[in-house]
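Participant: no sequence for this one, just the structure:
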């Protein structure tokens, strides 16, 4: 029986070209997170269903991957990284330093309608500090978002901030409408409020709000002009209790690429007491898309820097030796393993996007720049110098 | 209702202390793999059941996590990384460079009996080259294993090699017995062969085998005294077709920490033709255990290098500024976010295993070495110098 090689809808293979991009971004992000003392946490793909069920509203319960395992246990696949964080905080309360500053970068699974361009398996990048009410932590979280964007190469971005306190007394349904202000404009918001039978005055009420003491304190610590108060920013999730913020990037208008805030009533769910928390998450697929749109990936995002090619089969062993020497000098290099002609070796380099080829011939070395399509005779020392 | 925070049997949380170790090892391994031109591949956690079913024998079908998803599809969780590799090779045959040299580092799930010290979710680290029959590729795979071990700090290890061809004509059940030679000794093997009603002569037949031309060629390329021919090495898996090898480490006798070989009849299963392949895998949990046993982790495996502490609350803002300056110099640093006394800050540093604390007082800076329990007055320049 021939089985067709295919993947499930909403699930993706990441071939090297894509996987390289992803790890390029993740390496930078991890370094930034760790520079602020945030540490990695990993939790299992499967949890007891009771840990996750009922934590994400009706939609979550519907979209969650759940099944009965071989031992008749009801289990569910990781749906986000916040509920597992809450479990970890309760389960290991005596072992964890407080504040517990962790980042978590793992896949989550949601049986979403893929027609909306959503995936059923996608990477979440979460950064959260648990256990402190201090506004310095709020500022630190925003600071990490800013530093991450800078290190990834983003130039024109802004962080809009608001305080959930500004929405106290406003109908939740009105908040959802006002949150669309940037998308549908003032007219659109007013119309939708009317359609919903809600007082249109709530829009003005919100727009007239001024920055409060908390947000001022956070702003003062950050001293960054890209951090802007926006009283209409609401963010959909209703678990936020204080600061909320979103990152918008010029030239990429699909939506915000990161967002977060303070949520003091969520992480304590298993511990049975209030545990404050503030954090943010990157929309990783959007982040990659934004970087592609803005051309922020290095033009040479390769694994192998140089293919050491041989002009005839007698020289293949020498090529292996040279490749080893280059590797010792931290230059990623490889040799085509079969005894084939030069043309085939060059084709391989091209297909694998290897930027340089050193051709060994009976006289010496020829170095080819595969991008520029130029070549020059060099000795080994010069080659190393050039490739370093 | 109070829900007990707990994890499923065989599933683990990796708190920062453990997660740091894991990423220390993985960072080193990825660098080695990439230095030889091996590139990352990621495949989904869930596959159509028909892709995985029947590929791992009866035991695999029993231990595989399988269920019906919300769309009534039969799905299964990743059980290894070789079958997904075979699918990828068939699905994207025109896009992939040949040889396709990939590494894959993802979790797999098996409903194992956890009493045998096995986990139900564990990381696999696979390195494989697909599409070449060349013995140079066999040698390269062993070379990567050696380089990985060296970079991780292993000193006394050996690679035993054999060729599956040496077992042609020997009863498969006898092979399994002879494979236990190191564990149960010659006497034990002879007894078990007798018990099974198999000719005891097969042991001598195997032990008298000499290194053949293929293995000699591989050895000649490697020129490494730690690579040793062992005619009794069989490796359990029956899909190998040529070279087989295992890595043993002195001082860690739980078992081999890595192994692999050539398997030319497996990767083509979806493509419907023979596709040669050679590769190896680390037993990641064993690797970590071996490194712990042999004390190969750096003594200071921290995330935050320095906590910038403040002697009184007026100095907290200054601490934030200093921490930022240190970060700019690539020194991971943090400040305790709440206004607490010095003792509490030091306790936090201790619990988080932060190796240094810089205490800001009204006169200047005091730097504490948390391991040595020493302290000295330094200026900022000296602190940076010391921490770099």
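Facilitator: Nice, I can see it. It should be emphasised that the depicted structure is a prediction, and the values quoted were computed from it without experimental measurement. Numbering: from 1, shown residues only, chains lettered A, B, ... in the order given.
Participant: can you show me the helices along chain A?
Facilitator: In chain A, the helices defined using DSSP state H lie at A:16-35, A:49-52, A:57-63, A:82-91, A:135-152, A:172-178, A:181-195, A:201-207, A:213-222, A:284-293, A:316-328, A:342-351, A:380-387.
Participant: among these, which is nearest residue B:37?
Facilitator: If you check each of the helices of chain A against residue B:37 by CB to CB, helix A:316-328 wins as the nearest, at 9.0 Å. All C-beta atoms are positioned from the backbone trio N, CA, C, and that covers glycine.
Participant: still on that earlier bit, minimum distance to residue B:372: which of the helices of chain A has it?
Facilitator: Closest approach to residue B:372 among the helices of chain A (CB to CB): helix A:16-35, 23.6 Å.
Participant: how many neighbours does the residue in the stretch 251-388 of chain A that chain B sits nearest to have?
Facilitator: Residue nearest to chain B within the stretch 251-388 of chain A: residue A:334 (3.4 Å; CB to the nearest CB). Neighbours of residue A:334 under the rule other CB atoms under 10 Å in any protein chain shown: 27.
Participant: which strand residues bridge it?
Facilitator: residue A:307 (DSSP bridges).
Participant: how about it, what does it touch?
Facilitator: Neighbouring residues of residue A:334 by CB atoms under 8 Å, 6 or more residues apart in numbering or on different chains: A:304, A:307, A:308, A:323, A:354, B:36, B:37, B:101.
Participant: 7 Å instead, please
Facilitator: A:304, A:307, A:323, B:36, B:37 (CB atoms under 7 Å, 6 or more residues apart in numbering or on different chains).
Participant: and the helices of chain A as CSV, adding mean neighbour count, mean pLDDT and distance to residue B:130?
Facilitator: Below are those laid out as CSV (neighbours: other CB atoms under 10 Å in any protein chain shown; pLDDT from 0 to 100; distance: least, CB to CB, whole Å):
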stretch, mean neighbour count, mean pLDDT, distance to residue B:130
helix A:16-35, 18, 97, 13
helix A:49-52, 20, 96, 38
helix A:57-63, 13, 91, 36
helix A:82-91, 23, 96, 35
helix A:135-152, 22, 98, 33
helix A:172-178, 17, 87, 51
helix A:181-195, 14, 92, 47
helix A:201-207, 16, 89, 58
helix A:213-222, 16, 96, 50
helix A:284-293, 18, 96, 26
helix A:316-328, 18, 96, 20
helix A:342-351, 15, 97, 14
helix A:380-387, 14, 95, 27
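Participant: chain B contacts on the stretch 101-250 of chain A?
Facilitator: Taking CB under 7 Å from any CB of the partner chain as the measure of proximity, the stretch 101-250 of chain A contacts chain B at A:102, A:107, A:109, A:111, A:121, A:132, A:134, A:136, A:137, A:140.
Participant: so the third one sits against residue A:119, correct?
Facilitator: It stands for residue A:109. No - Residue A:109 lies out of contact with residue A:119 (CB atoms under 7 Å); the separation is 9.4 Å.
Participant: quick one, which of the two is more surrounded?
Facilitator: Neighbours per residue (other CB under 10 Å) separate residue A:109 from residue A:119, with residue A:109 holding more: 23 against 18.
Participant: before we move on, back to that, make JSON lines out of the helices of chain A and add distance to residue B:225.
Facilitator: Output for those, formatted as JSON lines (distance: least, CB to CB, whole Å):
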{"stretch": "helix A:16-35", "distance to residue B:225": "34"}
{"stretch": "helix A:49-52", "distance to residue B:225": "52"}
{"stretch": "helix A:57-63", "distance to residue B:225": "57"}
{"stretch": "helix A:82-91", "distance to residue B:225": "47"}
{"stretch": "helix A:135-152", "distance to residue B:225": "45"}
{"stretch": "helix A:172-178", "distance to residue B:225": "70"}
{"stretch": "helix A:181-195", "distance to residue B:225": "68"}
{"stretch": "helix A:201-207", "distance to residue B:225": "75"}
{"stretch": "helix A:213-222", "distance to residue B:225": "59"}
{"stretch": "helix A:284-293", "distance to residue B:225": "46"}
{"stretch": "helix A:316-328", "distance to residue B:225": "17"}
{"stretch": "helix A:342-351", "distance to residue B:225": "32"}
{"stretch": "helix A:380-387", "distance to residue B:225": "27"}
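Participant: among these, which comes closest to residue A:115?
Facilitator: helix A:57-63 (14.2 Å).
Participant: right, quick check: the closest one against chain B, any contact?
Facilitator: No - using CB under 7 Å from any CB, we find that helix A:57-63 stays clear of chain B, coming within 7.9 Å at best.
Participant: that helix: how far from the chain's middle?
Facilitator: Counting by CA atoms, centre = their mean, to the nearest Å, helix A:57-63 is centred 23 Å from the centre of its parent chain.
Participant: what of stretch A:271-285?
Facilitator: Here stretch A:271-285 is found 15 Å from its chain centre; the criterion is CA atoms, centre = their mean.
Participant: mind listing what's buried along that stretch?
Facilitator: Buried residues in stretch A:271-285, counted by 16 or more other CB atoms under 10 Å in any protein chain shown: A:275, A:276, A:277, A:278, A:279, A:280, A:281, A:282, A:283, A:284, A:285.
Participant: quick check, nearest of those to residue A:154?
Facilitator: Using CB to CB, residue A:282 comes nearest to residue A:154 of the buried residues of stretch A:271-285, at 11.7 Å.
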